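> A structural model of the following input is requested.
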Amino acid sequence: MNAKKTILAFDNPEFLRSREARAIRILSEYLEPEKRFQEKNILHTVVFFGSARFTPENKYYIAAEELAYEMVLMGRELEEQIGNGFYICTGGGPGIMEAANRGAQRAGEKTIGLNIELPNEQGCNPFITPELNFEFNYFFMRKFWFLYHAKAIIVFPGGFGTLDELFESLTLVQTKKIEKFDLPILLYDRDYWNDLINFPKLVEMGLISPEDMKLIHFFSTPAEAVNILKPRMTNLMEYIEIYHEV
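So this is what the prediction gives:
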């Protein structure tokens, strides 16, 4: 009688989904995206954060779509100058994420979605380039890839997830854990953010330094964001290009 063939450990789905194999799953969410980014020569991204709950009729959705469109046009100018452009990157879901992917696609550019499995709200939007559509289980690995290639962070109004992404980005830049000397973080709609967060109070109480406020740039129109970002991104992308050559 033939003995039943033993399953190889890396072919055993029960083991790979077990608690003991957690490190393998985490490592996979680092190595598999890295392989795809390298194959597509993706070094630079502009990341959009914001609520998954906005519909296409909402003013924030409309503004995010238009800004992503304008950013793609700016990216093509930068590509002519320094030989490499950037991609619009989102969390892959609906709302602001969909709007940004949609705007980039409308401009005729590939666009990235870093999706995550969630019980509600999250579902892959149809405007992501298929080969740049990623699915994550771990929030912290997804956040790593949001920031690893980022040359700008653009934050629209949102809930807990958006606030988490905003403050983690600010903390990493403030503490210089991100080796990018001028990573711009832009917030759309100053009135919304001032109503929500009393940034000056943090300075007044000595909880952040006055210079920390320079990490944040408010903007009200897509054109204003482009004007803020273009010189900063040019310097940052040129620096990274030289760094990679060295």
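
> show me where this structure has its strands.
45-49, 87-90, 111-116, 133-136, 150-155, 185-188, 216-219 (DSSP state E).

> which one, of these, ends up nearest to Ala100?
strand 45-49 (3.8 Å; CB to CB). In short, each C-beta sits where N, CA and C put it, glycine included.

> partner strands of that closest one, parallel or antiparallel?
Using DSSP bridges, the strands paired with strand 45-49 are strand 87-90 (parallel), strand 150-155 (parallel).

> and the shortest one, average pLDDT?
Looking back up the chat, that one is strand 87-90. The pLDDT scores in strand 87-90 average 98.

> other residues contacting it?
For strand 87-90, the surrounding residues in contact (CB atoms under 8 Å, 6 or more residues apart in numbering) are 42, 44-49, 68, 71-72, 75, 96-98, 100-101, 103-104, 109-114, 128, 132, 146, 149-150.

> mind redoing it with 6 Å?
42, 45-48, 68, 97, 100-101, 104, 111-113 (CB atoms under 6 Å, 6 or more residues apart in numbering).

> equivalent analysis for stretch 108-123, please.
In contact with stretch 108-123 (CB under 6 Å, 6+ apart) are residues 52, 72, 87-93, 101, 104-105, 124, 128-129, 132-137, 142, 145.

> taking those, please make a PyMOL selection of just the buried ones.
With 16 or more other CB atoms under 10 Å as the burial test, the buried ones among the contacts of stretch 108-123 are selected in PyMOL as follows:
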select buried, resi 52+72+87+88+89+90+91+92+93+101+104+105+124+128+129+132+133+134+136+142+145
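
> would you map the helices across this protein?
For the chain, the helices defined by DSSP state H cover 13-16, 22-39, 59-82, 96-106, 139-148, 160-174, 190-196, 199-204, 222-245.

> out of these, which one sits most buried?
Ranked by mean neighbour count under mean count of other CB atoms under 10 Å, the helices of the chain are led by helix 96-106, which reaches a mean of 27.
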